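> based on what follows, work out the 3D shape:
(2 chains)
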There are 2 protein chains.
Amino acid sequence: MVAAVDLFTEQGYDATTVTEIAERAGVTKSTFFRHFPDKRELLVAGQETLSVLLADGIGAAPADAGPLQAVAAGLERACAEMGPANRELGPRLKAAVAASAELQERDALKSVGLAAAMTAALRARGVPETSAELAAELGVMAFKRGYARWADAAPEVAGGLWEHARDALEELRTAGASLT
Amino acid sequence: MVAAVDLFTEQGYDATTVTEIAERAGVTKSTFFRHFPDKRELLVAGQETLSVLLADGIGAAPADAGPLQAVAAGLERACAEMGPANRELGPRLKAAVAASAELQERDALKSVGLAAAMTAALRARGVPETSAELAAELGVMAFKRGYARWADAAPEVAGGLWEHARDALEELRTAGASLT
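Numbering: from 1, shown residues only, chains lettered A, B, ... in the order given. From the prediction side, this is the model:
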């Protein structure tokens, strides 16, 4: 994944071939294709994993948890899977996305997909539609804002992604409660 | 625009040529190209117009208006430009987007662009970053939800887009104020 993102940044998403990604990653092309039918799948795969983790965490929240508490449980579940390698990917991914219109579109669609997964998990808990969509949207914003801060922090003080996402969600909740 | 969206729905976005769009719309290909360098620009043009209207309305809101009141002023400004032709486009656009991965990505990026335009207009009013991003996100959600309801309503009772967007924004504000 790091190999692919670096290549996208260096020479653009469109110009990067699967052969180059496999070479840089030090795996054979057939190994790469077994996991990812095409280079776009590299990006989709991450989204699906994340969606499942978020939905699992939301579903496993206590029955009396409010929508945002359930979203927090989803974020905590997903963040628990994100380690230093994910943190180091942050700035590279940001540079690659900034350089490619296609990756920007993919990234925007990823947010829509994550919001939809969280909305569905909240609806399954009986949360009304408007509250579910709104809480899911806040969850996506908190994840992105938390991830950006985590990736920007110096390694020795970065801590875990969850702390940053939790703080970001709390800030959004506070701001939302007083919006006029 | 109706001609283009109908063709995207009938035969897919990728398979539709600019020549076919111009023919269906009853204009020459050179007229079409003068306005839209390529078919993707058809979609981008609408987003830019909408962004400008939203930002203008937000900028022109009274100085003492809160972030959501300013967003409402932006929505009212943009909705004032949307007539029956925009309403009729709704279901067609929805069908075309549902049928095309490329249009889904484009549509997701459009929402990001609208939110960014509203965030910038709110920041220019001195709204703090978190509140600005959140209010802009609520504005995009209200616009999309209002538009969907407007497009779904029977023509004789549909009214204007603004009423639907205003109601949707108020619902989101109420839901946001009580999220736990």
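> from now on I want contacts and neighbour counts done on CA atoms only, so please keep to that.
Will do.
> CA atoms only for stretch A:22-32, dumped as CSV, please.
Only the C-alpha atoms of stretch A:22-32 are listed here, as CSV (Å, rounded to 0.1, in the frame of the first residue of the first chain):
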residue,chain,number,x,y,z
ALA,A,22,4.2,-5.0,-7.4
GLU,A,23,7.9,-4.3,-8.2
ARG,A,24,8.2,-1.5,-5.7
ALA,A,25,6.4,-3.6,-3.1
GLY,A,26,8.7,-6.5,-3.8
VAL,A,27,5.9,-9.0,-4.6
THR,A,28,5.2,-10.8,-7.9
LYS,A,29,2.5,-9.4,-10.2
SER,A,30,0.4,-12.6,-9.7
THR,A,31,0.5,-12.2,-5.9
PHE,A,32,-0.7,-8.6,-6.3
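> pLDDT value on the residue of chain A found nearest chain B, please?
Closest residue of chain A to chain B, Cα to the nearest Cα: A:A177 (4.2 Å). With respect to pLDDT, A:A177 scores 88.
> list the contacts of it.
B:G176, B:A177, B:S178, B:L179 (Cα atoms under 8 Å, 6 or more residues apart in numbering or on different chains).
> and those residues, which of them are buried?
The neighbour count (16 or more other Cα atoms under 10 Å in any protein chain shown) marks B:G176, B:A177, B:L179 as buried among the contacts of A:A177.
> ranges for the helices of chain A?
Assigned by DSSP state H, the helices in chain A fall at A:2-11, A:18-25, A:29-35, A:39-59, A:67-79, A:84-99, A:101-124, A:129-152, A:161-177.
> do you know which of those lies nearest B:P84?
helix A:129-152 (26.5 Å; Cα to Cα).
> by contact count, what packs against the closest one?
helix A:67-79, helix A:84-99, helix A:101-124, helix A:161-177, helix B:161-177 (3 or more Cα pairs under 8 Å, 6 or more residues apart in numbering or on different chains; DSSP states H and E).
> so how far is the third one from its chain's centroid?
Centroid separation for helix A:101-124 versus its chain: 9 Å, with Cα atoms, centre = their mean, to the nearest Å.
> send the alpha carbons of it over as PDB?
Taking C-alpha atoms only, helix A:101-124 is exported to PDB below (Å, rounded to 0.1, in the frame of the first residue of the first chain):
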ATOM      1  CA  ALA A 101      -8.400  14.200  -9.700                       C
ATOM      2  CA  GLU A 102      -9.300  10.600  -9.900                       C
ATOM      3  CA  LEU A 103      -8.100   9.900  -6.400                       C
ATOM      4  CA  GLN A 104     -10.000  12.900  -5.100                       C
ATOM      5  CA  GLU A 105     -13.200  11.500  -6.500                       C
ATOM      6  CA  ARG A 106     -12.300   8.100  -5.100                       C
ATOM      7  CA  ASP A 107     -11.700   9.700  -1.700                       C
ATOM      8  CA  ALA A 108     -15.000  11.600  -1.800                       C
ATOM      9  CA  LEU A 109     -16.800   8.400  -2.600                       C
ATOM     10  CA  LYS A 110     -15.100   6.700   0.200                       C
ATOM     11  CA  SER A 111     -16.500   9.200   2.700                       C
ATOM     12  CA  VAL A 112     -20.000   8.600   1.300                       C
ATOM     13  CA  GLY A 113     -19.500   4.900   1.600                       C
ATOM     14  CA  LEU A 114     -18.300   5.100   5.300                       C
ATOM     15  CA  ALA A 115     -21.300   7.400   6.100                       C
ATOM     16  CA  ALA A 116     -23.700   5.000   4.500                       C
ATOM     17  CA  ALA A 117     -22.200   2.000   6.400                       C
ATOM     18  CA  MET A 118     -22.600   3.900   9.700                       C
ATOM     19  CA  THR A 119     -26.000   5.200   8.900                       C
ATOM     20  CA  ALA A 120     -27.200   1.600   8.200                       C
ATOM     21  CA  ALA A 121     -25.700   0.400  11.500                       C
ATOM     22  CA  LEU A 122     -27.400   3.200  13.400                       C
ATOM     23  CA  ARG A 123     -30.800   2.500  11.600                       C
ATOM     24  CA  ALA A 124     -30.400  -1.100  12.700                       C
END
